[in-house]
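1. 3D model of this:
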Amino acid sequence: MRKLAIFGFVALAAAAGATQTTPEAAAFFNDGLAKANAGRHEEAMAAFEKSLAQAPNLVEAHEWIAHILILQGDYDGAIERYQRIVARRPSTDSKVNLGLAYLRVGDVEMAVKTLSNAVAAAPNHCKGWNNLSIAYLRQGKVADARAAAERAVALEPNFASAHVNLGNVELRDGNAATAVAAFEKALALKADQADAYYGLAEAYNYLGEEGKAGDYYVQYLKRAGQDQARRDGAVKWLWEHGRGAEVPR
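-> This next block holds a predicted model:
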(Lines give C-alpha, C1' and ligand atoms only; values in the text may rest on other atoms or scores of the structure.)
Protein backbone atom coordinates (compact mmCIF):
# COMPACT_ATOMS: atom_id res chain seq x y z
CA MET A 1 0.00 0.00 0.00
CA ARG A 2 1.21 3.51 -0.67
CA LYS A 3 2.88 5.31 2.20
CA LEU A 4 0.53 7.18 4.48
CA ALA A 5 1.08 10.72 5.68
CA ILE A 6 -1.19 10.45 8.70
CA PHE A 7 0.74 10.83 11.92
CA GLY A 8 0.16 7.84 14.20
CA PHE A 9 -1.70 5.83 11.55
CA VAL A 10 -1.12 2.07 11.25
CA ALA A 11 -1.35 0.62 7.75
CA LEU A 12 -3.19 -2.69 7.78
CA ALA A 13 -1.55 -5.78 6.40
CA ALA A 14 -3.37 -8.00 3.96
CA ALA A 15 -5.62 -10.24 6.02
CA ALA A 16 -3.78 -13.54 6.16
CA GLY A 17 -5.95 -16.03 8.01
CA ALA A 18 -9.02 -13.90 7.48
CA THR A 19 -12.36 -14.72 9.04
CA GLN A 20 -13.90 -17.85 7.54
CA THR A 21 -16.02 -16.79 4.60
CA THR A 22 -17.55 -17.84 1.28
CA PRO A 23 -15.62 -18.07 -2.00
CA GLU A 24 -17.66 -15.18 -3.41
CA ALA A 25 -16.96 -12.95 -0.42
CA ALA A 26 -13.26 -13.86 -0.52
CA ALA A 27 -13.10 -12.92 -4.20
CA PHE A 28 -14.65 -9.51 -3.56
CA PHE A 29 -12.37 -9.02 -0.54
CA ASN A 30 -9.24 -9.81 -2.55
CA ASP A 31 -10.44 -7.46 -5.30
CA GLY A 32 -10.81 -4.75 -2.64
CA LEU A 33 -7.27 -5.39 -1.41
CA ALA A 34 -5.84 -5.06 -4.90
CA LYS A 35 -7.70 -1.80 -5.51
CA ALA A 36 -6.75 -0.39 -2.10
CA ASN A 37 -3.10 -1.19 -2.73
CA ALA A 38 -3.38 0.62 -6.06
CA GLY A 39 -4.80 3.71 -4.34
CA ARG A 40 -8.25 3.25 -5.92
CA HIS A 41 -10.01 3.76 -2.63
CA GLU A 42 -13.61 4.33 -3.72
CA GLU A 43 -13.52 1.20 -5.87
CA ALA A 44 -11.89 -0.70 -3.01
CA MET A 45 -14.65 0.31 -0.61
CA ALA A 46 -17.29 -0.84 -3.10
CA ALA A 47 -15.57 -4.22 -3.38
CA PHE A 48 -15.34 -4.58 0.41
CA GLU A 49 -19.05 -3.74 0.73
CA LYS A 50 -19.81 -6.47 -1.82
CA SER A 51 -17.81 -8.91 0.27
CA LEU A 52 -19.85 -7.93 3.32
CA ALA A 53 -23.08 -8.47 1.42
CA GLN A 54 -21.94 -12.08 1.03
CA ALA A 55 -20.41 -12.43 4.52
CA PRO A 56 -21.65 -9.70 6.95
CA ASN A 57 -19.31 -10.88 9.73
CA LEU A 58 -16.13 -10.50 7.67
CA VAL A 59 -14.30 -8.33 10.19
CA GLU A 60 -11.35 -7.67 7.89
CA ALA A 61 -13.60 -6.00 5.31
CA HIS A 62 -15.05 -3.69 7.97
CA GLU A 63 -11.51 -2.89 9.11
CA TRP A 64 -10.33 -2.05 5.62
CA ILE A 65 -13.30 0.24 5.02
CA ALA A 66 -12.54 2.06 8.29
CA HIS A 67 -8.86 2.17 7.28
CA ILE A 68 -9.77 3.92 4.01
CA LEU A 69 -12.15 6.31 5.77
CA ILE A 70 -9.32 7.43 8.06
CA LEU A 71 -7.03 7.85 5.06
CA GLN A 72 -9.72 10.06 3.48
CA GLY A 73 -10.09 12.11 6.66
CA ASP A 74 -13.60 10.83 7.47
CA TYR A 75 -12.91 10.14 11.13
CA ASP A 76 -16.56 10.11 12.19
CA GLY A 77 -17.29 7.56 9.47
CA ALA A 78 -14.34 5.45 10.59
CA ILE A 79 -15.52 5.52 14.20
CA GLU A 80 -19.01 4.44 13.16
CA ARG A 81 -17.54 1.59 11.14
CA TYR A 82 -15.32 0.44 14.01
CA GLN A 83 -18.31 0.46 16.33
CA ARG A 84 -19.87 -2.18 14.11
CA ILE A 85 -16.98 -4.56 14.73
CA VAL A 86 -16.06 -3.78 18.32
CA ALA A 87 -18.00 -6.78 19.62
CA ARG A 88 -16.44 -9.10 17.05
CA ARG A 89 -12.67 -9.45 16.62
CA PRO A 90 -10.97 -6.15 15.79
CA SER A 91 -7.21 -6.32 15.38
CA THR A 92 -4.85 -4.36 17.61
CA ASP A 93 -3.88 -2.20 14.63
CA SER A 94 -7.53 -1.29 14.14
CA LYS A 95 -7.91 -0.43 17.82
CA VAL A 96 -4.90 1.88 17.51
CA ASN A 97 -6.38 3.48 14.40
CA LEU A 98 -9.70 3.90 16.19
CA GLY A 99 -7.86 5.69 18.99
CA LEU A 100 -6.33 7.99 16.39
CA ALA A 101 -9.79 8.67 14.93
CA TYR A 102 -11.07 9.65 18.38
CA LEU A 103 -8.10 12.00 18.74
CA ARG A 104 -8.86 13.61 15.39
CA VAL A 105 -12.49 14.33 16.34
CA GLY A 106 -11.42 15.70 19.74
CA ASP A 107 -12.78 12.88 21.93
CA VAL A 108 -9.62 12.54 24.01
CA GLU A 109 -11.27 10.53 26.78
CA MET A 110 -12.36 7.80 24.35
CA ALA A 111 -8.94 7.95 22.67
CA VAL A 112 -7.20 7.25 25.98
CA LYS A 113 -9.62 4.44 26.81
CA THR A 114 -9.29 2.80 23.38
CA LEU A 115 -5.51 3.12 23.19
CA SER A 116 -5.02 1.95 26.78
CA ASN A 117 -7.00 -1.18 25.96
CA ALA A 118 -4.97 -1.68 22.79
CA VAL A 119 -1.56 -1.57 24.50
CA ALA A 120 -2.82 -3.64 27.42
CA ALA A 121 -3.60 -6.38 24.90
CA ALA A 122 -0.43 -5.79 22.86
CA PRO A 123 2.22 -4.21 25.13
CA ASN A 124 4.84 -4.12 22.37
CA HIS A 125 2.74 -2.07 19.94
CA CYS A 126 4.91 1.01 19.39
CA LYS A 127 2.35 3.16 17.57
CA GLY A 128 -0.24 2.32 20.20
CA TRP A 129 2.04 3.71 22.92
CA ASN A 130 2.93 6.70 20.77
CA ASN A 131 -0.71 7.61 20.14
CA LEU A 132 -1.51 7.05 23.80
CA SER A 133 1.23 9.53 24.68
CA ILE A 134 -0.38 12.11 22.38
CA ALA A 135 -3.74 11.53 24.06
CA TYR A 136 -2.28 11.84 27.56
CA LEU A 137 -0.53 15.06 26.60
CA ARG A 138 -3.81 16.52 25.37
CA GLN A 139 -5.28 15.68 28.77
CA GLY A 140 -2.40 17.50 30.44
CA LYS A 141 -1.10 14.27 32.00
CA VAL A 142 2.54 14.99 31.26
CA ALA A 143 4.02 12.21 33.39
CA ASP A 144 1.81 9.59 31.77
CA ALA A 145 2.57 11.06 28.34
CA ARG A 146 6.31 10.86 29.03
CA ALA A 147 6.10 7.22 30.16
CA ALA A 148 4.12 6.26 27.04
CA ALA A 149 6.48 8.17 24.71
CA GLU A 150 9.55 6.61 26.30
CA ARG A 151 7.97 3.18 25.91
CA ALA A 152 7.38 3.87 22.20
CA VAL A 153 11.00 4.99 21.71
CA ALA A 154 12.31 1.95 23.57
CA LEU A 155 10.24 -0.38 21.40
CA GLU A 156 11.26 1.23 18.09
CA PRO A 157 14.32 3.50 18.48
CA ASN A 158 14.26 4.32 14.76
CA PHE A 159 10.61 5.43 14.71
CA ALA A 160 10.96 9.16 14.03
CA SER A 161 7.44 10.07 15.15
CA ALA A 162 8.09 8.64 18.61
CA HIS A 163 11.06 10.99 19.03
CA VAL A 164 8.88 13.90 17.87
CA ASN A 165 6.31 13.02 20.47
CA LEU A 166 8.94 12.69 23.19
CA GLY A 167 10.16 16.14 22.18
CA ASN A 168 6.62 17.47 22.52
CA VAL A 169 6.44 16.04 26.03
CA GLU A 170 9.78 17.62 26.97
CA LEU A 171 8.67 20.97 25.57
CA ARG A 172 5.39 20.85 27.49
CA ASP A 173 7.41 20.11 30.63
CA GLY A 174 9.59 23.20 30.02
CA ASN A 175 12.69 21.24 28.97
CA ALA A 176 13.31 23.06 25.69
CA ALA A 177 16.95 22.05 25.30
CA THR A 178 16.10 18.37 25.80
CA ALA A 179 13.21 18.78 23.37
CA VAL A 180 15.62 20.12 20.74
CA ALA A 181 17.69 16.94 21.02
CA ALA A 182 14.61 14.75 20.56
CA PHE A 183 13.42 16.70 17.50
CA GLU A 184 16.91 16.62 15.97
CA LYS A 185 17.00 12.84 16.50
CA ALA A 186 13.68 12.58 14.66
CA LEU A 187 15.08 14.55 11.71
CA ALA A 188 18.19 12.39 11.63
CA LEU A 189 15.89 9.41 11.18
CA LYS A 190 13.43 11.06 8.78
CA ALA A 191 14.50 14.35 7.21
CA ASP A 192 11.02 15.31 5.95
CA GLN A 193 9.29 14.99 9.34
CA ALA A 194 7.27 18.21 9.34
CA ASP A 195 6.28 18.00 13.00
CA ALA A 196 9.94 17.85 14.04
CA TYR A 197 10.60 21.18 12.29
CA TYR A 198 7.62 22.71 14.05
CA GLY A 199 8.82 21.36 17.38
CA LEU A 200 12.28 22.84 16.83
CA ALA A 201 10.71 26.20 15.97
CA GLU A 202 8.68 26.14 19.18
CA ALA A 203 11.65 25.03 21.27
CA TYR A 204 13.98 27.72 19.94
CA ASN A 205 11.25 30.33 20.35
CA TYR A 206 10.95 29.21 23.99
CA LEU A 207 14.73 29.55 24.34
CA GLY A 208 14.62 33.05 22.87
CA GLU A 209 16.57 32.14 19.74
CA GLU A 210 14.24 33.84 17.29
CA GLY A 211 16.50 33.45 14.27
CA LYS A 212 16.51 29.67 14.54
CA ALA A 213 12.83 29.63 15.44
CA GLY A 214 11.94 31.50 12.27
CA ASP A 215 14.15 29.27 10.12
CA TYR A 216 12.37 26.18 11.42
CA TYR A 217 8.90 27.68 11.03
CA VAL A 218 9.77 28.25 7.36
CA GLN A 219 11.00 24.68 7.01
CA TYR A 220 7.80 23.42 8.60
CA LEU A 221 5.63 25.39 6.18
CA LYS A 222 7.64 24.11 3.21
CA ARG A 223 6.71 20.59 4.24
CA ALA A 224 2.99 21.34 4.37
CA GLY A 225 2.29 20.10 7.89
CA GLN A 226 -1.21 18.68 8.31
CA ASP A 227 -2.26 20.80 11.30
CA GLN A 228 -4.05 23.95 10.11
CA ALA A 229 -3.71 25.64 13.50
CA ARG A 230 0.05 25.05 13.43
CA ARG A 231 0.33 26.36 9.88
CA ASP A 232 -1.64 29.48 10.81
CA GLY A 233 0.49 29.97 13.93
CA ALA A 234 3.74 29.63 12.00
CA VAL A 235 2.60 32.14 9.37
CA LYS A 236 1.46 34.59 12.05
CA TRP A 237 4.79 34.29 13.91
CA LEU A 238 6.78 34.97 10.74
CA TRP A 239 4.76 38.06 9.85
CA GLU A 240 4.94 39.40 13.42
CA HIS A 241 8.72 39.00 13.39
CA GLY A 242 9.30 40.72 10.08
CA ARG A 243 9.80 37.54 8.07
CA GLY A 244 6.48 37.37 6.27
CA ALA A 245 8.20 37.45 2.88
CA GLU A 246 9.64 34.01 3.68
CA VAL A 247 6.23 32.36 4.00
CA PRO A 248 6.15 29.68 1.27
CA ARG A 249 3.57 30.27 -1.44
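2. Can you tell me how far Arg243 is from Glu210?
-> Here Arg243 is placed at a distance of 9 Å from Glu210 (C-beta to C-beta, to the nearest Å). Just so you know, the C-beta spots here come from the backbone N, C-alpha and C atoms, and that holds for glycine as well.
3. out of the two, which sits in the more crowded spot?
-> Taking neighbours as other C-beta atoms under 10 Å, Arg243 and Glu210 compare with Arg243 leading, 17 against 14.
4. so what's the more buried one closest to, chain neighbours aside?
-> Gly214 (5.0 Å; C-beta to C-beta, 6 or more residues apart in numbering).
5. Mind checking what secondary structure the one you found has?
-> Following DSSP: H, G, I helix; E, B strand; the rest coil, Gly214 is assigned to helix.
6. Identify the residues contacting it.
-> By C-beta atoms under 8 Å, 6 or more residues apart in numbering, the contact list for Gly214 reads 201, 237-238, 241, 243, 246.
7. and if we set it to 10 Å?
-> Neighbour list for Gly214: 201, 204-205, 234, 237-238, 241-243, 246 [criterion: C-beta atoms under 10 Å, 6 or more residues apart in numbering].
8. do the same with Gly106
-> By C-beta under 10 Å, 6+ apart, the contact set of Gly106 is 75, 138.
9. and it, which of the three is it?
-> Applying three-state DSSP to Gly106 yields a three-state assignment of coil.
10. give me phi/psi at it?
-> phi 90, psi 10 (degrees, to the nearest 10).
11. shift numbering so it begins at 14
-> Happy to do that; since the first residue is 14 now, the last one works out to Gly119.
12. how close does it get to Leu202?
-> Going from Gly119 to Leu202 by C-beta to C-beta gives 29 Å.
13. related to what we said a few turns ago, could I get the contacts of Gly227 in CSV, plus columns for pLDDT and distance to Gly45?
-> Shown next, in CSV, are the contacts of Gly227 (pLDDT from 0 to 100; distance: C-beta to C-beta, whole Å):
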residue, pLDDT, distance to Gly45
Ala214, 98, 41
Tyr217, 98, 46
Asn218, 97, 46
Ala247, 96, 39
Trp250, 97, 44
Leu251, 97, 44
His254, 97, 50
Gly255, 97, 53
Arg256, 96, 48
Glu259, 96, 45
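14. Selection in PyMOL covering whichever of these are buried, please.
-> Only the buried entries of the contacts of Gly227 go into this PyMOL selection, using 16 or more other C-beta atoms under 10 Å:
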select buried, resi 214+217+218+247+250+251+256
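15. The contacts of Gly227 in helices, which ones?
-> Secondary structure from DSSP state H places 214, 217-218, 247, 250-251 of those in helices.
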